[in-house]
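*Asks:* Give me the fold of what follows.
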Amino acid sequence: MSGQSHAYKLLKEFLHLSTSSLPIESRLEEILHSISEAFRPDQCFVVRADQIGPGGFFSRVASEKKDVWMEEGTSIRNGQVLPEEERFLCSVLTCLLLFEQDSFQGILCLGFSKRRDFLPEEVDLLLLLAKGIGGLLRNEALRSEGEQTIHEASRLAQDHEKSVKRLSTLFELNKTLLMTVQFERILELALTAITIGEGLGFNRAMLFLVDEKRRVLKGTMAVGPDSAQEAGRIWKALSYAKGSPSVVIPHLEPPPRETSQLDRLVKGIEIPLEYDQCVLAKTVLEGRPFHIRVSQSEGGLLRTGCEGRCCLNSLVGCYEGRFFSSDPKSYAFATVPLWGKGRVIGVVLVDNLYNQNPIEDEDLQFLGMFANQAGLAIENGLLYRNLEEVHQELKEAQSLIVHQEKMAALGELSNTIAHEIKNPLTAIGGFARRLGRTMAAESPEKRYAQTIIQEVARLEKVLNDINHYTHAEAVTFGPQDLSHLLEESLSLVENEFSPGKLKLVKEFADGVPEILGDYHQLKYAFYNLIKNACESMDEKGTLSIRLYPYSRNGTAYARLEVNDTGGGINPENLSNIFNPFYSTKESSSGLGLPIVHKVIVFHQGQIEVDNHPGEGVTFIITFPAFGKDVRNPNHVNKDRSPSG
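*Replies:* Below is the predicted model:
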């Protein structure tokens, strides 16, 4: 059997036939036909309890009360085989006992001509179908023999209805997982399905995913209330939700995870897979569910049923034990593996902390079946997310290449023009200064000469800015202290913060990691950024500089925020602020912010703009901490020139 569609079809057909009014033989025949279409055995049949003769193979299977999985055909002849059993013998034979309420009803057999390996979800499905067939046979036997009382008939009918409802619910929940390919949304839908009353109905669900590279199990997400009062409010709100799970679950508003103690706690858990005494790690390593009951010892410590120093034991910091605010005498939780394509990708941990409902084996089996489907959906979501990340990296690389080509062409043109202008400009400035020294201080000619000198200086600054932006300078990378660089850059504009002018607010946190970069380039970039902020406020306002450590996806960064109160940037101009030669100031070359952007990108950093028109603007700069890998190894070579 392959694919979710076959499983859904088989479940749907079984649900229909189990409630049909057809005779039991007709329903059984149709059910076996559906199983044959799904699993493709050479033989598929049911041997009822009253058809099993003494001393034969099926009698031995029934007496041992143990399912036979993939038994080789030669081995079943080790004991007596009745003549009427010979026609059922295959090279590979699977026999599932049909029980209902401890009453043996027969054996479901699937015969194959060659070895057939079952997936975990196929095993769960066959076991559930065997239980359903046993229920059908038991109901029929009780009706025909007149042995069932009205009370027992009602109970069995309720159990059968519950099984049918669970199969229907499983079908609905699997439909829910197919509604999106977004990784985070799939996790939310899966955990919500486990905790909603119309789904699997557990109080809380916690998800842990395997990090193959680091060989650890990492807490990823949790859904569930943080207190009994919150649980009551949630269950009351859910009682008003109408419709099937596939309709209700996608429209539920998940609680904000940033305020969830449970979600924060789970995300802080990281367990090495080598720690095989941990229930969570064992679930991954052994690929099977665990049902753990925790009891309270005389000393008040919670002890699990695990052997050794399990990390779910409060003796060594049991994560679950932190939520025992009401000090219950006993507690139970269960873990099931999340299966991807041929491997365990994670673990789901569930409990009923608040209503203290027992976790039955049937609940665990039902959860395992859903977890198998959820694992495939989560794995697909991971693949889709990785594909999106690769696509984004390709887009960024393409943009960088286009930008570098533009800058190379611009640099060549600018260098040519600058070279042609600089020589005559130097001569003009030199002669203007010489003439100025020969003129009377109050003469109009003196003022004219001073104006020429000032304009020449302004043009020389423009040429220097162009040279900085387009020229490939030799750089030397090394560990840099950003707080020291910022202090150096501020010293260049210290006159802006004299009494009666701008106010400076500095907030440099401890523990800011060093970054890898070129001292002179970074200092020049920070100077341009601070100078730009000061000019935007025109001697009225506050410049705030905040430097602090930052972490994202487990990676360390240094983050810088430069905020001014200069009224912000016109939204129409926002998309152009990093374009060279674009400026709204008459006296600006339009290269200050482009130089800042170029230097930050060259250092593998990121710059963001938080603009508030009418108030001010904040430039947010993030640099990877020293030691973090960079995509282009040439960026860390000494005396290497950045491309223009």
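*Asks:* Tell me the buried residues in stretch 426-440?
*Replies:* 429, 432, 436 (16 or more other CB atoms under 10 Å). (Each C-beta comes from the backbone N, C-alpha and C, glycine too.)
*Asks:* How far off centre is it?
*Replies:* Distance, stretch centre to chain centre, for stretch 426-440: 68 Å (CA atoms, centre = their mean, to the nearest Å).
*Asks:* List of residues touching that stretch?
*Replies:* 445, 446, 449, 450, 452, 453, 456, 457, 460 (CB atoms under 8 Å, 6 or more residues apart in numbering).
*Asks:* among those residues, which two are most distant?
*Replies:* 445 and 460 (22.5 Å; CB to CB).
*Asks:* Provide a complete list of residue ranges assigned to helices in the stretch 451-600 of the chain.
*Replies:* Listed in chain order, the helices of the stretch 451-600 of the chain (DSSP state H, counting those that start in this stretch) span 482-491, 519-537, 592-602.
*Asks:* And the ones you listed: which comes nearest residue 625?
*Replies:* helix 482-491 (10.7 Å).
*Asks:* Would you mind pulling up the elements that the closest one packs against?
*Replies:* With contacts defined as 3 or more CB pairs under 8 Å, 6 or more residues apart in numbering; DSSP states H and E, the packing partners of helix 482-491 are strand 503-508, helix 519-537, strand 542-552, strand 555-564.
*Asks:* Mind listing what's buried along the last one?
*Replies:* Residues of strand 555-564 classed as buried by neighbour count (16+ other CB under 10 Å): 556, 557, 558, 559, 560, 561, 562, 563, 564.
*Asks:* quick one, domains of this structure?
*Replies:* 1-166, 474-644 (automatic domain parsing).
*Asks:* Residue 195 is nearest to which of those?
*Replies:* The nearest among these, by CB to CB, is domain 1-166 at 16.0 Å.
*Asks:* Sketch out the low-pLDDT regions of the stretch 151-300 of the chain for me.
*Replies:* For the stretch 151-300 of the chain, residues meeting the criterion pLDDT under 70 lie at 151-179, 197-199, 228, 230-259, 294-300.
*Asks:* ok so, going back, residue 445 and residue 460: who's more crowded?
*Replies:* residue 460 (15 against 12; other CB atoms under 10 Å).
*Asks:* and the gap between residue 340 and residue 431?
*Replies:* Note on residue 340: its distance to residue 431, by CB to CB, to the nearest Å, is 78 Å.
*Asks:* now do residue 52
*Replies:* 119 Å.
*Asks:* cool, residue 437 as well?
*Replies:* 11 Å.
*Asks:* repeat for residue 613
*Replies:* The value you get for residue 613 to residue 431, if CB to CB is used, is 47 Å.
*Asks:* Low-confidence stretches in the stretch 501-644 of the chain?
*Replies:* Using pLDDT under 70, the stretch 501-644 of the chain drops low at 553-554, 575-576, 579-592, 627-644.
*Asks:* circling back: looking at the buried residues of strand 555-564, which is nearest residue 502?
*Replies:* residue 564 (8.9 Å).
*Asks:* Please tell me I have it right and the closest one contacts residue 616.
*Replies:* Yes: Residue 564 is within contact range of residue 616, at 5.1 Å (criterion: CB atoms under 8 Å).
*Asks:* Roughly how far does the residue nearest in space to the middle of the chain sit from residue 552?
*Replies:* In the chain, the centroid-proximal residue (CA atoms, centre = their mean) is residue 184; its distance is 5.5 Å. For residue 184, the distance to residue 552 equals 16 Å [CB to CB].
*Asks:* which residues of the stretch 301-450 of the chain score low on pLDDT?
*Replies:* Ranges of the stretch 301-450 of the chain meeting pLDDT under 70: 301-331, 403-404, 407-408, 410-415, 417-420, 422-423.
*Asks:* Show me where it has its helices.
*Replies:* 361-438, 444-470.
*Asks:* How far does the last one sit from its chain's centre?
*Replies:* When distances are taken as CA atoms, centre = their mean, helix 444-470 is centred 55 Å away from the chain's centroid.
*Asks:* Mind giving me the packing neighbours of it?
*Replies:* helix 361-438, helix 592-602.
*Asks:* One more pass at 6 Å, please.
*Replies:* Of the remaining helices and strands, those touching helix 444-470 by 3 or more CB pairs under 6 Å, 6 or more residues apart in numbering; DSSP states H and E are helix 361-438.
*Asks:* For stretch 383-393, C-alpha coordinates in PDB please.
*Replies:* Presented in PDB, the C-alpha positions along stretch 383-393 are these (Å, rounded to 0.1, in the frame of the first residue of the first chain):
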ATOM      1  CA  LEU A 383      11.500  20.600   2.500                       C
ATOM      2  CA  TYR A 384       9.300  23.500   1.300                       C
ATOM      3  CA  ARG A 385      10.800  25.900   3.800                       C
ATOM      4  CA  ASN A 386      14.300  24.900   2.700                       C
ATOM      5  CA  LEU A 387      13.300  25.400  -0.900                       C
ATOM      6  CA  GLU A 388      12.100  28.900  -0.100                       C
ATOM      7  CA  GLU A 389      15.300  29.700   1.700                       C
ATOM      8  CA  VAL A 390      17.400  28.500  -1.200                       C
ATOM      9  CA  HIS A 391      15.300  30.500  -3.600                       C
ATOM     10  CA  GLN A 392      15.700  33.600  -1.500                       C
ATOM     11  CA  GLU A 393      19.500  33.100  -1.300                       C
END
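*Asks:* just the strands in the stretch 1-150 of the chain please.
*Replies:* Secondary structure of the stretch 1-150 of the chain (DSSP state E, counting those that start in this stretch): strands at 43-48, 68-72, 92-100, 103-112.
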